[in-house]
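[1] kindly generate the corresponding structure for this input.
(chains A and B)
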Amino acid sequence: GENVEQHPSTLSVQEGDSAVIKCTYSDSASNYFPWYKQELGKGPQLIIDIRSNVGEKKDQRIAVTLNKTAKHFSLHITETQPEDSAVYFCAAKFDFGNEKLTFGTGTRLTIIP
Amino acid sequence: DSGVTQTPKHLITATGQRVTLRCSPRSGDLSVYWYQQSLDQGLQFLIQYYNGEERAKGNILERFSAQQFPDLHSELNLSSLELGDSALYFCASSVGQGANWPLHFGNGTRLTVT
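    Sure thing, here's the model as predicted:
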């Protein structure tokens, strides 16, 4: 079936430290894994994505790693800042007759000044 | 600003009623997606349209329906509303047909059913 598990559900880190959020997915054929950030009162916003032909992708303080064998991928935020506080969602593309993006249940990240 | 416009921002209605949520996709995007977000369910995919045609269906109830018009805007119709339908409803758009294109989300419509 289509399942994406995300951990932890809440995460608090000191400003300047790193944050890591992990997701596992159920279908080994999945090949697209985006991460979205949702701030209060707004819709989710794409922050980074990775496709299955690469193992890691970086964009400034944000990086995503993918382990296809283990079927998990992770979001890494370094040098965290107060504006990183938000809910983060991972997602994976599934294709069981029709393609769809299934989201994890979200991680509420709080950066402590 | 994602470029996706959703109206209204808030909607309060009674059980048994019917409402229509509207979405204008980002300029140039042909796909429109509808998602439901509630506290205990996360982001649940409802339905996708691509260039006016239904493309994919998720966990959409029979009481709910949607369509995409020739100008590419979309409407989500919710009828015989129940208390459990209270949620945030998001529209997202993308340029392509498949699920591996980046989604651009609107800021949602908060529906409260009393």
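[2] mind checking how far residue B:28 is from residue A:28?
    Using CB to CB, to the nearest Å, residue B:28 is found at 33 Å from residue A:28. Backbone N, C-alpha and C define where each C-beta goes, glycine included.
[3] summarise which helices and strands the helix or strand bottoming out on mean pLDDT in chain A is packed against.
    The weakest-scoring helix or strand in chain A, judged by mean pLDDT, DSSP states H and E, is strand A:99-103 (a mean of 87). With contacts defined as 3 or more CB pairs under 8 Å, 6 or more residues apart in numbering or on different chains; DSSP states H and E, the packing partners of strand A:99-103 are strand A:32-38, strand A:86-95, strand B:42-50.
[4] show me what it pairs with in its sheet, parallel or antiparallel.
    Note on strand A:99-103: by DSSP bridges, its sheet partners are strand A:86-95 (antiparallel).
[5] who's in contact with the strand it pairs with?
    With CB atoms under 8 Å, 6 or more residues apart in numbering or on different chains as the test, strand A:86-95 has contacts from A:2, A:4, A:6, A:21, A:23, A:25, A:27, A:29-40, A:44, A:47, A:73, A:75, A:99-104, A:106-109, B:42-43, B:98-100.
[6] so who does the closest residue to residue B:58 other than its chain neighbours touch?
    Counting by CB to CB, 6 or more residues apart in numbering or on different chains, residue B:45 is the residue found nearest to residue B:58 once chain neighbours are left out, at 3.5 Å. Counting by CB under 8 Å, 6+ apart, residue B:45 touches A:100, A:101, A:102, A:103, B:33, B:34, B:35, B:56, B:58, B:59.
[7] rerun that using 10 Å as the cut-off
    If a contact means CB atoms under 10 Å, 6 or more residues apart in numbering or on different chains, then residue B:45 has A:2, A:91, A:100-103, B:33-36, B:56-60, B:92, B:99 as its contacts.
[8] report the beta-bridge partner residues of it.
    When assigned by DSSP bridges, residue B:45 has beta-bridge partners residue B:35.
[9] same check on residue B:78?
    The partner residues for residue B:78, given DSSP bridges, come to residue B:19, residue B:64.
[10] among the contacts of strand A:86-95, which ones are buried?
    Buried residues within those, defined by neighbour count using 16 or more other CB atoms under 10 Å in any protein chain shown: A:2, A:4, A:6, A:21, A:23, A:25, A:27, A:30-38, A:44, A:47, A:73, A:75, A:99-104, A:106-107, A:109, B:42-43, B:98-100.
[11] which non-adjacent residue is nearest the residue nearest the centre of chain A?
    By CA atoms, centre = their mean, the mean C-alpha position of chain A lies nearest to residue A:90, the distance being 3.5 Å. Nearest residue to residue A:90, sequence neighbours excluded (CB to CB, 6+ apart): residue A:23, at 3.8 Å.
[12] parallel or antiparallel, list what pairs with the strand or helix carrying that neighbour.
    Element membership for residue A:23 (DSSP states H and E) is strand A:19-25. Here strand A:19-25 has these sheet partners by DSSP bridges: strand A:4-7 (antiparallel), strand A:72-77 (antiparallel).
[13] where does pLDDT dip in the chain?
    In the absence of a named chain, this looks at chain A. By pLDDT under 70, the low-scoring segments of chain A are A:1, A:97.
[14] can you look at chain B instead?
    Within chain B, the segments meeting pLDDT under 70 span B:40-41.
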